[in-house]
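Participant: curious how this folds, go ahead:
(one chain, ligands or ions: 2)
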Amino acid sequence: MSSSTTAHDPNCIFCKIVAKQIPSRMVYEDEDIYAFHDINPWAPVHFLLIPKAHIVSMAHIGDEHASLLGRMMALVPVLAAKEGCNPYPKGGFRLIANTGAEGGQEVHHLHFHVMGGPRPWLRG
Ligand code: AMP
Ligand code: ZN
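Facilitator: Ligands and ions are numbered 1, 2, ... in the order given. Reported below is the predicted structural model:
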């Protein structure tokens, strides 16, 4: 593992959520991936999809992560529908990975925002 991919960073809030040291409302869990409702939702459906391993951001993704990210992307439409996003094309969802300061990233553990549901939304 590179320095940008450690199993667990004790100072990281999302690592603490994965370790169940901080409570969260789970959407999905397997060996490598966790999803939970955003604490401050912008839309009727707003959850975060994260790798359990502490990968800092999309700027830290390389070929070695292709399979993990592929599995995460394949989960997006399944979990979006399960959480109440309406079907494409009238429904749909937004998929966002804020990356770095100029990308608006506040939590430095890779996460994909999945947002959907009827508009208007609070933000986005
Ligand atoms: P970003 O700006 O992309 O880094 O977004 C971080 C997201 O994490 C924000 O939408 C926050 O509302 C969300 N967030 C922060 N702390 C928690 C938490 N304890 N449980 C759920 N979501 C959180
Ligand atoms: Zn982390």
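Participant: please count neighbours and contacts with C-alpha atoms only from this point.
Facilitator: Noted.
Participant: quick one: Leu48 and ligand 2, what's the gap?
Facilitator: 13 Å (CA to the ion, to the nearest Å).
Participant: quick check: longest strand of this structure.
Facilitator: strand 45-51 (DSSP state E).
Participant: name every strand pairing with that strand and say which way it goes.
Facilitator: Partners of strand 45-51 in the sheet, by DSSP bridges, are strand 33-37 (antiparallel), strand 112-116 (antiparallel).
Participant: most packed of those?
Facilitator: A comparison of the strands paired with strand 45-51 by mean neighbour count, using mean count of other CA atoms under 10 Å, puts strand 112-116 on top with a mean of 23.
Participant: re the thing from before, what pLDDT, on average, does the longest strand of the chain get?
Facilitator: Mean per-residue pLDDT for strand 45-51: 98.
Participant: also stretch 57-75?
Facilitator: 98.
Participant: make residue 1 into 54 and carry on from there
Facilitator: Taking 54 as the first residue, the last one we looked at is stretch 110-128.
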